[in-house]
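A.B. asks: show me the folded form of this:
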Amino acid sequence: MASAELAQVESEHLSEFAQVMQAGPELSGNRARRCLRLDLDSTATKNGLAQLVLTLVKLLHEVLERQAIRRVESGSLKNEQIERLGLALMQQGREIERLRKEFDLEEEDLNLDLGPLGRLL
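C.D. replies: Numbers count the residues shown, from 1 in each chain. Okay, the predicted model is just below:
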């Protein structure tokens, strides 16, 4: 099956998609074309991708904040560097919040459940 065909997978039922994935190339004709259709809601896909990206950005933001606190507490930064760092982190935090609201995501939506490892943030 060519990669161009894979991009056109559509189905009304997830079970049909699972059958196609398990059956492989032996499906042919109209049944194969009908089963190879996966209906993806573009809005849900966009919001899901936004949620994933914002979750990663928020995680990186928190890592940067912790590193900044360590550097400030160690005394390795000058006062003007501390000021610039604080302003940059505040601006970054505001932009993350703006994007979260833009995609209609709750704060909890950016906190993924990692199963036995607990919550991400």
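A.B. asks: I figured residue 105 hits residue 50, correct?
C.D. replies: Yes. Residue 105 is in contact with residue 50 according to Cβ atoms under 8 Å; the separation is 7.1 Å. Glycine gets a C-beta too; all of them are placed from N, C-alpha and C.
A.B. asks: for residue 109, what are its contacts?
C.D. replies: Residues near residue 109 by Cβ atoms under 8 Å, 6 or more residues apart in numbering: 51, 100.
A.B. asks: phi first, then psi, for it.
C.D. replies: Per-residue torsions, residue 109: phi -70, psi -20 (degrees, to the nearest 10).
A.B. asks: okay, it: pLDDT?
C.D. replies: pLDDT, residue 109: 86.
A.B. asks: for residue 49, same thing?
C.D. replies: 87.
A.B. asks: also residue 52?
C.D. replies: As predicted, residue 52 sits at a pLDDT of 89.
A.B. asks: so it lies in a strand, does it not?
C.D. replies: No. Residue 52: not assigned to a strand; according to DSSP: H, G, I helix; E, B strand; the rest coil it is helix.
A.B. asks: pull the number of nearby residues for it.
C.D. replies: 12 (other Cβ atoms under 10 Å).
A.B. asks: any idea how far residue 71 is from it?
C.D. replies: 29 Å (Cβ to Cβ, to the nearest Å).
A.B. asks: repeat for residue 83
C.D. replies: 13 Å.
A.B. asks: more neighbours, the two?
C.D. replies: With neighbours defined as other Cβ under 10 Å, residue 83 and residue 71 compare such that residue 71 has more, 14 against 11.
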